[in-house]
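In: Okay, here's the prediction I keep looking at, along with the sequence it came from:
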Amino acid sequence: MSAAATAFSQSFFHGTRANLRPGGMITVGYQSNFAGTPLSWVYFAGTMDAAIWGAELAAGEGPERIYVVEPTGAWFDDPNVTDKRFAGNPTLSYRSRDPLRIIGEVVNWQGHSAEQIREMKNGIARLMQEGKNVIID
């Protein structure tokens, strides 16, 4: 290996409206943005797009935020995404029962268009009406 070679490092992200600080922990037990019930997993992604959706769809009134996070324990593919919508996990969506350590916040990111957000929210509302908004927890 040459002196110029560096180790690959995967970054992970968590989208939310919560005002958190580097060094803090994101833990299980918070309400889902999609089912409205407390969850026994914490969710994160290896792509900014998935984290942006998380922030844009998050419940609450605060500003949308994206945090760079580090899993502190074992983590697994998120079956809510990988088994239901995207075979092979192209969004790199994961979950863990262990906390996520907040490393920093991404402050300059480009969100989806108002039309895309409206379509996504309409789709989620349709799933709720059909009783298909079930989170595999």
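Out: Yep, it's here.
In: Under the pLDDT cut-off, which ranges of the protein? List them.
Out: Within the chain, the stretches with pLDDT under 70 are 1-8, 33-36, 83-86, 133-134, 137.
In: Quick one: the helices in the protein, in order.
Out: 48-57, 79-82, 114-129 (DSSP state H).
In: Of all these, which one comes closest to residue 69?
Out: The minimum distance between residue 69 and those falls on helix 48-57, with 9.3 Å, by CB to CB. For glycine as for every other residue, the C-beta is placed from the backbone atoms N, C-alpha and C.
In: I would like the residues contacting that closest one, please.
Out: Applying CB atoms under 8 Å, 6 or more residues apart in numbering, the contact partners of helix 48-57 are 13-17, 33-34, 43-45, 64-66, 81, 91-93, 106, 109-112, 117, 120-121, 124.
In: so of the helices of the chain, which one's packed in deepest?
Out: Burial of the helices of the chain is given as mean neighbour count (mean count of other CB atoms under 10 Å); helix 48-57 ranks first at a mean of 20.
In: and the angle for it with helix 114-129?
Out: Between the axes of helix 48-57 and helix 114-129, defined by axes from the mean of the first three to the mean of the last three CA atoms, to 10 degrees, the angle is 70 degrees.
In: re the thing from before, cross the contacts of helix 48-57 against strands and list the overlap.
Out: Residues of the contacts of helix 48-57 located in strands (DSSP state E): 13-16, 43-45, 65-66, 93, 106.
In: Closest one of the residues you listed to residue 28?
Out: residue 43 (10.0 Å).
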